[in-house]
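[1] The sequence and its predicted three-dimensional model are supplied below.
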Amino acid sequence: MPPVSRVAGRAAPLDLADVDTDQIIPKQFLKRIERTGYGPFLFYDWRRRGNFALDKPEFVGASVLLTGANFGCGSSREHATWALRDFGFNAIVAPSFADIFRANCFKTGVLAVTLPESQVRHLIDLVSEDPTVQVVVDLEAQQVRGDGFSYRFEIDAFAREMLLKGLDEISLVERHGSDISAYEKTRAEWLPAVKA
Amino acid sequence: MPATIAQKLWDAHVVRSVEGEPDLLFVDLHLVHEVTSPQAFDGLRMVGRHVRRPDLTVATMDHNVPTRGGVRAADELSRKQMEVLEENCEREGIPLHRIGSRRQGIVHVIGPELGLTQPGMLIVCGDSHTSTHGAFGALAFGIGTSEVEVVLATQCLPQKKQGGLAVNVSGSLPLGVTAKDIVLDLIGRTGTSAGQGHLVEYRGPTIRALSMEGRMTVCNMSIEWGAKAGIVAPDDTTFSYVQGRPHAPKGFAWEQALDYWRTLATDDGAEFDGQIDLDADKLEPHVTWGTTPAQVVPVTGRVPVPRSETDERALRYMDLKPGVAIGEIAIDRVFIGSCTNARLEDLRAAASVIQGRHVHPKVRAMVVPGSTSVKRAAEEEGLDAVFKAAGFEWRNAGCSMCLGMNPDILAPGERCASTSNRNFEGRQGSGGRTHLMSPPMAAAAAITGHLVDVRELI
């Protein structure tokens, strides 16, 4: 995965809590066997109903998504993060994320950043009023900032390092091959094993 | 130091633990299905990697399989996805329960059924309802496709240590009230995200009194309140469920396993980050009214007055007015199925309500058994005849209308009484409206044509 250190651009508000991954990418688009090409189907049902926040001309081309708590809840489908990335969102700022979704974001190279509710509210109000506002999500400095605001965010140090260096998780785990082999020898014999 | 069962399970799977890094955990069983695996296998192939432990990996077809007409009834993309799974399993030597085979079924139904799910194991799958397996005293959680690739390649997964929560349930479940109602009530109280970052242990006399099927229903929906995993400590109920199943330990190995499994309990004095207490004595059958599982009320209640914009949105989507009695809501469809509630006990409970009655003329109702084995067992005891005589469609096993990846979907505006786990907008079909409930409650709704308190029928 290529390294990710900062995302800068306009931000789009999706002022809703508990946005589930079924909304982000509905089931009929999970039949593809590729990792790309999901962008056109992002929020498919909501966009088709019309008057959807992200389709307002002033937010087209935004690279930061500002949204409500528990974003990405429900299904573990990584297709949700692929769709957000393919659509152009390389960073998401919310008061909280569902656990599996946040892990998927980091593996996809999408910066899922948590800020307190009041700060997310401020950012949503700000860009709703002036959609041209530039927002920088800086992983190196752990800041969401722009003209007149700067908020520090916390992030797991190891996840941050992985993103900044663009490390491949499998290669990292493979380095501990001897530990894995040693563990395998200690496993109880009764544990189930299958044959093809 | 006294430890919780969650801590014991975690520690038993640590391959490597270093300050400042996630723990590296060993995976005892990796369950695979057609929808979240193709990109992972592809990732391996592109760099010449192979599956490290095909002997600890089991695949099935469940998410997009048609529930009638066999594989040919599937659309082209679904067929392709199933073919790709076949090819991947063949190449890597992974056993596959393909559509039409004797053991095929929903991944979270077949694991326990085959005895692959056992106490003390660490189980993962690219599916959020993997928490189901925690009912056996296993540590089980859902992962994304990139993590599926990591597990395929290394049989391990780096994971950050999680907190622990206790849900303590006491009292006896009244007649007509089920495990589903425990977990719906819990989610209604805690909200959609209270479990985030936590391994939850369900405990107390009510949980102890539940069958394995009931415990699986509770653990299954852990993810719906955000928990990483749900766990029930194993006991004699667990052991007698596992014993004799195809992959269960036998002979001396069984005795050894039992000795270990009996240590898998939370020690006296072990500490949780929080505890939630529920009283089952006064519990009523529950029904969701909104578009998250937390938007739920007792069936004797009414559609609530909205307290937030989220509530208002949900009411608009569900086409419901505040104050309407739940029992006055007419339905079009009934779905008895899913990894939450499509095991033999669930079908028996639904059939006992339906026996000698008929599906309301305005309702279309279907039963989708959780696995081909469940279907066969139900047929052996004549449950299919009960359902068919009442006017239910009796289908083949799969995820079906729980998520509507196959042709089993709601039409826009249709309202469904469903035993599944998610009532999100469009979950069962674009524009469809889902009310979650237990199998007996869904059966009762099928007969009366509206949401109804099953206790009026039993």
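    In hand now; what should we look at? Numbering: from 1, shown residues only, chains lettered A, B, ... in the order given.

[2] which residues sit against the strand ranked longest in chain B?
    Longest strand of chain B, by residue count under DSSP state E: strand B:163-170. Residues outside strand B:163-170 that contact it (CB atoms under 8 Å, 6 or more residues apart in numbering or on different chains): B:4, B:6-7, B:182, B:186, B:195, B:197-207, B:227, B:266, B:271-280. All C-beta spots, glycine's among them, are computed from the backbone N, C-alpha and C.

[3] Show me which strand runs longest in chain A.
    Using DSSP E, we find that the single longest strand of chain A is strand A:6-14.

[4] which strands and helices sit next to that strand?
    strand A:64-67, helix A:117-129, strand A:134-138 (3 or more CB pairs under 8 Å, 6 or more residues apart in numbering or on different chains; DSSP states H and E).

[5] Could you dump the ones you listed into CSV and include distance to residue A:77 and mean neighbour count?
    CSV is the format used below for these (distance: least, CB to CB, whole Å; neighbours: other CB atoms under 10 Å in any protein chain shown):
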stretch, distance to residue A:77, mean neighbour count
strand A:64-67, 17, 25
helix A:117-129, 24, 17
strand A:134-138, 24, 20
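
[6] Same list (those) but as a markdown table, adding distance to residue A:2.
    As requested, these are exported to a markdown table (distance: least, CB to CB, whole Å):
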| stretch | distance to residue A:2 |
| --- | --- |
| strand A:64-67 | 18 |
| helix A:117-129 | 26 |
| strand A:134-138 | 16 |
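
[7] out of the ones you listed, nearest to residue A:58?
    With CB to CB, the closest approach to residue A:58 among the helices and strands packed on strand A:6-14 belongs to helix A:117-129: 9.1 Å.

[8] relative to strand A:6-14, how tilted is the closest one?
    Using axes from the mean of the first three to the mean of the last three CA atoms, to 10 degrees, one finds that helix A:117-129 and strand A:6-14 are set 80 degrees apart in direction.

[9] quick one: helix A:117-129 near chain B?
    No - on the criterion CB under 8 Å from any CB of the partner chain, helix A:117-129 is out of touch with chain B, staying 12.7 Å away.

[10] ok now the longest strand of chain B, how far from the chain's centre?
    Mean C-alpha position of strand B:163-170 versus that of the full chain (CA atoms, centre = their mean, to the nearest Å) differs by 19 Å.

[11] list the contacts for residue 30?
    Looking at chain A here, since you left the chain open. By CB under 8 Å, 6+ apart, the contact set of residue A:30 is A:77, A:79, B:35, B:63, B:405.

[12] should've been chain B
    B:53, B:56, B:57, B:58, B:123, B:124, B:125, B:148, B:151, B:152, B:155 are the contacts of residue B:30 under CB under 8 Å, 6+ apart.

[13] could the residues you listed go into CSV alongside pLDDT, neighbour count and secondary structure?
    What follows is these, written out as CSV (pLDDT from 0 to 100; neighbours: other CB atoms under 10 Å in any protein chain shown; DSSP: H, G, I helix; E, B strand; the rest coil):
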residue, pLDDT, neighbour count, secondary structure
B:53, 98, 21, coil
B:56, 98, 24, helix
B:57, 98, 24, strand
B:58, 98, 27, strand
B:123, 99, 26, strand
B:124, 98, 25, strand
B:125, 98, 30, strand
B:148, 98, 28, helix
B:151, 98, 27, helix
B:152, 98, 27, helix
B:155, 98, 24, coil
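
[14] List the neighbouring strands of the longest strand of chain A plus their orientation.
    Strand A:6-14 has its sheet partners listed here by DSSP bridges as strand A:64-67 (parallel), strand A:134-138 (antiparallel).

[15] Could you export that strand as PDB, CA atoms only?
    Written as PDB, here are the backbone C-alpha positions of strand A:6-14 (Å, rounded to 0.1, in the frame of the first residue of the first chain):
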ATOM      1  CA  ARG A   6      -1.900  13.900   4.700                       C
ATOM      2  CA  VAL A   7      -5.200  14.500   2.900                       C
ATOM      3  CA  ALA A   8      -6.000  18.000   1.900                       C
ATOM      4  CA  GLY A   9      -9.000  19.400   0.100                       C
ATOM      5  CA  ARG A  10     -12.600  20.400   0.400                       C
ATOM      6  CA  ALA A  11     -14.800  18.600   2.900                       C
ATOM      7  CA  ALA A  12     -18.300  17.400   2.500                       C
ATOM      8  CA  PRO A  13     -20.800  17.000   5.400                       C
ATOM      9  CA  LEU A  14     -23.000  14.000   5.900                       C
END
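
[16] And the pLDDT for residue B:13?
    pLDDT, residue B:13: 98.

[17] contacting residues around it?
    B:25, B:26, B:27, B:28, B:122, B:139.

[18] Where does the prediction get shaky in the stretch 51-200 of chain B?
    Of all residues in the stretch 51-200 of chain B, none has pLDDT under 70.

[19] Run through chain A and note the low-pLDDT ranges.
    Within chain A, no stretch has pLDDT under 70.

[20] how about a cut-off of 80?
    Within chain A, the ranges that satisfy pLDDT under 80 run A:196.

[21] can you give me the helices in it?
    A:21-24, A:44-48, A:79-87, A:99-108, A:117-129, A:157-165, A:169-174, A:177-186 (DSSP state H).

[22] now do the stretch 351-458 of chain B
    All helices of the stretch 351-458 of chain B, identified by DSSP state H, counting those that start in this stretch, fall at B:372-380, B:383-390, B:439-448.

[23] okay, these in a markdown table with distance to chain A next?
    Formatted as a markdown table, the helices of the stretch 351-458 of chain B follow (distance: least, CB to the nearest CB, whole Å):
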| stretch | distance to chain A |
| --- | --- |
| helix B:372-380 | 16 |
| helix B:383-390 | 26 |
| helix B:439-448 | 21 |
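
[24] Return the residues in contact with the spatially most central residue of chain A.
    The residue lying closest to the centre of chain A (CA atoms, centre = their mean) is residue A:105, at 3.5 Å. Residue A:105 sits next to A:72, A:81, A:92, A:97, A:111, A:112 when contact means CB under 8 Å, 6+ apart.

[25] Tell me how many other residues crowd residue B:356.
    7 (other CB atoms under 10 Å in any protein chain shown).

[26] on that earlier part again, walk me through which strands the longest strand of chain B pairs with, and which way each runs.
    strand B:198-203 (parallel), strand B:274-279 (parallel).

[27] mind giving me JSON lines with those and columns for mean neighbour count?
    Shown next, in JSON lines, are those (neighbours: other CB atoms under 10 Å in any protein chain shown):
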{"stretch": "strand B:198-203", "mean neighbour count": "27"}
{"stretch": "strand B:274-279", "mean neighbour count": "14"}
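
[28] how about a markdown table for those, with distance to residue B:306 added?
    Below are these laid out as a markdown table (distance: least, CB to CB, whole Å):
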| stretch | distance to residue B:306 |
| --- | --- |
| strand B:198-203 | 29 |
| strand B:274-279 | 25 |
